[in-house]
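Engineer: quick one, fold the following:
(one chain, ligands or ions: 2)
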Amino acid sequence: MFNTIGIVGLGLIGGSLGLAIKHKKLSKIIIGYDNNQENLDDALNLELIDIGANSYKSFSICDFVIVSVPPSQTAHVVIKLFEVLKENTIVIDVASIKKPIIDSIKNYIPKTIAYVPTHPIAGTENFGPKSAFRQLFDDKYFIITPINNISFAEKKVEEFAKTINMKVKYMDADKHDKVFAYVSHLPHAIAYSLVNLIRQKKEDDEAYGFIGGGFKDFTRIAKSNEKMWCDIFLLNQSNMINAIDEYIQNLLILKDAIKNNEEQELIQILKNIRLFKENLDV
Ligand SMILES: NC(=O)C1=CN([C@@H]2O[C@H](COP(=O)(O)OP(=O)(O)OC[C@H]3O[C@@H](n4cnc5c(N)ncnc54)[C@H](O)[C@@H]3O)[C@@H](O)[C@H]2O)C=CC1
Ligand SMILES: O=C(O)C(=O)Cc1ccc(O)cc1
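Structural biologist: Ligands and ions are numbered 1, 2, ... in the order given. Below you'll find the model as predicted:
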């Protein structure tokens, strides 16, 4: 599908893409770069990529480049790549937040290069090259938030995603950021804050360490990379504030029903939620 694929940022997503690309033989060669030398060495040793680069110049031979660095670094890296890439190269980023990154990039896109913003809805709480695995993307959604029309480059990216077993959806970037504030960013904020509450409790009383499966299920994502989540929360600031406010309102409804001993109301609220969750395919 491509002659030379480049990957900048060789952690969970970049590294897993490297493995998936190799498995599907989507490129003759994969060049990788990471500004953390240990991560670059790990990526080479784990064979996530074929060749390690020591500057962006090495990417000038690529026809497809993936930027998989933390969200706050993404626009900077994409713009740097624009300076060295050859004509007709397609660049994608995979950051979890889209609109602010697109806004930082859109005025720098050369006429001869295609930039396609994307978000694979596939991940785990782990990070770094050692956490990469080839099956990460299987049967997961791959969202494309095109800058303008869906043209040749978007179609090529769609084909790429489908080849690594992903289900492609197109979405407006603003809409993406709003929706993901609720379904991904808020759950991470809630998991972090709940674990923090238990941390505070446990400081005074060891009994708060005897924790069951519900807490474990609910808080796995509180082990996620703080740098990445700090970037996402701040870049999606206004949507996050709305989502947190609405969540607090929902929690207060439960609090009031509990406080006022409203047994029937409480059962009805919980039942409605259970029925919705049972029909929700996740
Ligand atoms: N972790 C997840 O579950 C998902 C993450 N994403 C997005 O994928 C991107 C990468 O995330 P992960 O792979 O999870 O992070 P990660 O922390 O596992 O990997 C990021 C890599 O980028 C490198 N890096 C940082 N700044 C760099 C720079 N300026 N130049 C070159 N390399 C640089 C780091 O050294 C690290 O190896 C993020 O934008 C994130 O929003 C998207 C979907 C899921
Ligand atoms: O670990 C999990 O369950 C996740 O939710 C991973 C995840 C993190 C960030 C994304 O943008 C997409 C997926």
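
Engineer: which residue sits closest to the residue nearest the centre of the chain, ignoring its sequence neighbours?
Structural biologist: Note on the chain: the residue nearest the mean C-alpha position is Ser96, at 3.8 Å, using CA atoms, centre = their mean. Leaving aside its sequence neighbours, Ser96 sits nearest to Ile232 (CB to CB, 6 or more residues apart in numbering; 5.2 Å). Backbone N, C-alpha and C define where each C-beta goes, glycine included.

Engineer: count of neighbours near that neighbour?
Structural biologist: 24 (other CB atoms under 10 Å).

Engineer: how about Pro129?
Structural biologist: The number of residues near Pro129, taken as other CB under 10 Å, comes to 27.

Engineer: repeat for the one 10 residues further on
Structural biologist: Other residues within reach of Asp139 by the criterion other CB under 10 Å amount to 9.

Engineer: mind listing what it touches?
Structural biologist: For Asp139, the contact set (CB atoms under 8 Å, 6 or more residues apart in numbering) comprises 165-167.

Engineer: which one (most neighbours) among those residues?
Structural biologist: Most surrounded of these: other CB under 10 Å gives Met166, at 23 neighbours.

Engineer: before we move on, the earlier item: from the contacts of Asp139, which is closest to Thr74?
Structural biologist: Met166 (19.7 Å; CB to CB).

Engineer: quick one, what contacts Phe180?
Structural biologist: 96-97, 119, 236 are the contacts of Phe180 under CB under 8 Å, 6+ apart.

Engineer: again, only using 10 Å
Structural biologist: By CB atoms under 10 Å, 6 or more residues apart in numbering, the residues touching Phe180 are 96-98, 119, 121, 143, 171, 186, 232, 236, 239, 243.

Engineer: whichever strand or helix holds it near ligand 2 at all?
Structural biologist: Taking DSSP states H and E as the definition, Phe180 sits inside helix 173-180. No: if you take CB under 6 Å from any ligand atom as the test, helix 173-180 misses ligand 2, and the best it gets is 6.9 Å.

Engineer: so is that helix next to ligand 1?
Structural biologist: No: judged by CB under 6 Å from any ligand atom, helix 173-180 stays clear of ligand 1, getting no closer than 10.0 Å.

Engineer: and if you look at stretch 19-36?
Structural biologist: Yes: Stretch 19-36 lies within reach of ligand 1 by CB under 6 Å from any ligand atom, at 33-36.

Engineer: give me the buried subset of the residues you listed.
Structural biologist: Buried subset of the residues of stretch 19-36 next to ligand 1 (neighbour count, 16 or more other CB atoms under 10 Å): 33-34.

Engineer: list just the nearest of the residues of stretch 19-36 next to ligand 1 to Ile13.
Structural biologist: Nearest to Ile13 among the residues of stretch 19-36 next to ligand 1: Asp34, at 12.1 Å, using CB to CB.

Engineer: what's near enough to touch the closest one?
Structural biologist: Contact analysis of Asp34 by CB under 10 Å, 6+ apart lists 7-11, 14-15, 40-44, 49, 52-53, 68-69, 128-129.

Engineer: let's see that with 8 Å instead.
Structural biologist: Counting by CB under 8 Å, 6+ apart, Asp34 touches 8-11, 14, 40, 43, 129.

Engineer: repeat for Tyr141
Structural biologist: With CB under 8 Å, 6+ apart, Tyr141 has these contacts: 120-122, 166-169.

Engineer: same question for Ala189.
Structural biologist: So Ala189 contacts 233, 240, 244 (CB under 8 Å, 6+ apart).

Engineer: hmm, the helix or strand hosting the first one in reach of ligand 2?
Structural biologist: With elements taken from DSSP H and E, the one containing Phe233 is helix 226-235. No: Helix 226-235 stays out of contact with ligand 2 when judged by CB under 6 Å from any ligand atom, the minimum separation being 7.4 Å.

Engineer: that helix: which residues count as buried?
Structural biologist: 228-229, 231-233, 235.
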